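# Sequence first, then the predicted structure:
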Amino acid sequence: MRFMGGDYVEEAVASCTAVLRSALDRDWEQVRAGELEWSCRRTGAHIASDLLAYAGQLAGRAQDAYVPFEITLDGTEDGLDRADNAGVVQVIETTGALFAATLRTTPREVRAFHPYPFRSAGREGFAAMGVAEVLLHTHDVATGLGLPYEAPAHLAEFVLTGIFPHVQPGPDHWRTLLWATGRGELPGRAGLTEWRWNNNLVIEADRLTLQGVTPAAAADLRTGGDGGFEWAAEGPFEGTREAAGMTVKAYEAGVHRPEFGLFTLVRREDGRAVGGMGFHGAPDGDGRAEIGYDLVEAARGNGYATEALRALAGWALARDDVRSLFATVERDNPPSQAVLARAGFVQVSEDGVEEGLLAYELRD
């Protein structure tokens, strides 16, 4: 699964500037951008500010705070003229090029601070956020100026499957993205007045990170791809691909909760994925959630599964909506049974368990 973030940012910016250049002779200062409180001119400056800010976050590897960049385009210091409409477009193109270059040169494992919802994002998340800002605010400006604008469908899909994993896909990616951000209607769905995007969750362990798998990555894994991860030899294992299929089905049904989905286990020492671990769905009404896992064969026998299971179980049981975890394992799989035991799970009654399996449980 090739990372296309830089290409997609450039394509989004090109779609934006093509629309804006068709209205350079219009008054952008006195016209509101769609339903926003901002003028079309200020919204254009905001697009550029976001692109520069995201580039700055990634380039500086900011970990604890958001580093704000605000482009006003209004200064006249040192004899510089106030930017006209053409100047606004040029600044959007320039900051878009800077952001695209940053994305292309940022290693996959780098994460930088972003406040929502899990306090960080990787290059995939920042790319999706940047494309979202460009597409959506271009729509706002075009609406204010009375111009037609249709974002490329594959860019809207990139945003939805990257940072809107909680939104059930619709028949039209662009209309779905507009609805998901309170800018439009979809048949059969109530309108939104509040919304948030959702970067993937990363849970820290000692030698590993457990990285939440987005619907886009899950779809690639399910069909034989690498999901955007660099895998250790012979990976991923079949159980991870099956779990990716479960993620895709939940996403398509509109019941996917990303924090209770699939995680890829990535070694810190070399950035290689060594397995998958996650939930079979959100906790039930009793706060009970099922967990499963597998490792590539080359990574077994190193304690990775136990370490990851302890980290994931600890994260889950610290939540208010999780009371217990359970897992089933084959009777003839002593190594997997030992993983559960070392992570604190205990064998429970076999009632209701499929023949040939053992059930284990861990309570808070």
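Sure, I can see it.
# and residue 133, how many residues sit next to it?
Residue 133 has 22 neighbouring residues, counting by other CB atoms under 10 Å. C-beta: built from backbone N, CA, C; applies to glycine.
# same for the strand or helix carrying residue 157, what does it pack against?
When secondary structure is defined by DSSP states H and E, residue 157 falls within helix 153-163. The contact analysis (3 or more CB pairs under 8 Å, 6 or more residues apart in numbering; DSSP states H and E) places helix 153-163 against helix 5-21, helix 123-145, helix 173-180, helix 215-222.
# same thing but at 10 Å, please
Here helix 153-163 touches helix 5-21, helix 123-145, helix 173-180, helix 215-222, helix 238-253, going by 3 or more CB pairs under 10 Å, 6 or more residues apart in numbering; DSSP states H and E.
# With mean pLDDT and distance to residue 300 as added columns, please give these in TSV.
As requested, these are exported to TSV (pLDDT from 0 to 100; distance: least, CB to CB, whole Å):
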stretch	mean pLDDT	distance to residue 300
helix 5-21	98	33
helix 123-145	98	28
helix 173-180	98	40
helix 215-222	97	20
helix 238-253	96	13
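# would you turn those helices into JSON lines with distance to residue 191?
Below are the helices and strands packed on helix 153-163 laid out as JSON lines (distance: least, CB to CB, whole Å):
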{"stretch": "helix 5-21", "distance to residue 191": "25"}
{"stretch": "helix 123-145", "distance to residue 191": "16"}
{"stretch": "helix 173-180", "distance to residue 191": "8"}
{"stretch": "helix 215-222", "distance to residue 191": "23"}
{"stretch": "helix 238-253", "distance to residue 191": "21"}
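# These: which one's closest to residue 199?
Distance to residue 199, taken as CB to CB, is lowest for helix 123-145 among the helices and strands packed on helix 153-163, at 4.1 Å.
# for the closest one, packing partners?
Helices and strands touching helix 123-145, by 3+ CB pairs under 10 Å, 6+ apart, are helix 5-21, helix 40-60, helix 85-105, strand 111-112, strand 121-122, helix 153-163, helix 173-180, helix 215-222.
# Taking helix 123-145 as reference, get the angle to the first one.
If I follow you right, that is helix 5-21. Between helix 5-21 and helix 123-145, the angle comes out at 10 degrees (axes from the mean of the first three to the mean of the last three CA atoms, to 10 degrees).
# what about helix 5-21, distance to the chain center?
Here helix 5-21 shows a centroid-to-chain-centroid distance of 21 Å under the convention CA atoms, centre = their mean, to the nearest Å.
# Could you do the second one as well?
Centroid separation for helix 40-60 versus its chain: 19 Å, with CA atoms, centre = their mean.
# give me the low-pLDDT residue ranges for the stretch 51-200 of the chain?
74-81 (pLDDT under 70).
# residues near residue 348, how many?
13.
# Confirm for me that it is in contact with residue 325.
No. Assessed by CB atoms under 10 Å, residue 348 is found out of contact with residue 325, at 11.5 Å.
# joint contacts of these two?
By CB atoms under 10 Å, 6 or more residues apart in numbering, residue 348 and residue 325 have these common neighbours: 360, 361.
# Go ahead and confirm residue 189 touches residue 171.
No. Using CB under 10 Å, residue 189 is not in contact with residue 171; the gap is 11.9 Å.
# isn't residue 165 right next to residue 215, touching?
Yes. With contact defined as CB under 10 Å, residue 165 reaches residue 215; the gap is 5.2 Å.
# Between the two, which contacts overlap?
Joint contacts of residue 165 and residue 215 (CB under 10 Å, 6+ apart) are 247, 250, 251, 256, 258, 261.
# quick check, nearest of those residues to residue 39?
Using CB to CB, the shared contacts of residue 165 and residue 215 come closest to residue 39 at residue 258, 35.5 Å.
# what's around residue 250, how many residues?
Residues lying near residue 250 (other CB under 10 Å) number 23.
# ok so, going back, please identify which of the helices and strands packed on helix 123-145 is closest to residue 205.
strand 111-112 (14.9 Å).
# tell me, how many neighbours does residue 32 end up with?
By other CB under 10 Å, 16 other residues sit near residue 32.
# show me the contacts for it.
Listed by CB under 10 Å, 6+ apart, the contact set of residue 32 reads 38, 39, 40, 42, 43, 140, 141, 143, 144.
# Among those residues, which one lies nearest to residue 240?
Distance ranking of the contacts of residue 32 against residue 240, using CB to CB, places residue 140 first at 40.1 Å.
# That closest one: neighbour count?
Using other CB under 10 Å, residue 140 has 23 other residues around it.
# That one against residue 19, yeah?
No. Taking contacts as CB under 10 Å, residue 140 lies outside contact range of residue 19: 11.2 Å.
# hey, what's in contact with both of these two?
residue 149.
# sorry, back to before: could I get the buried residue list for the helix holding residue 157?
Residues of helix 153-163 classed as buried: 155, 156, 157, 158, 159, 160, 161, 162, 163 (neighbour count, 16 or more other CB atoms under 10 Å).
# which residues sit in contact with the closest residue to residue 43 other than its chain neighbours?
Of all residues not flanking residue 43 in the chain, residue 33 sits nearest, at 4.0 Å (CB to CB, 6 or more residues apart in numbering). Residue 33 sits next to 39-44, 46, 137-145 when contact means CB under 10 Å, 6+ apart.
# one more time with 8 Å
Residues near residue 33 by CB atoms under 8 Å, 6 or more residues apart in numbering: 39, 40, 42, 43, 137, 140, 141, 143, 144.
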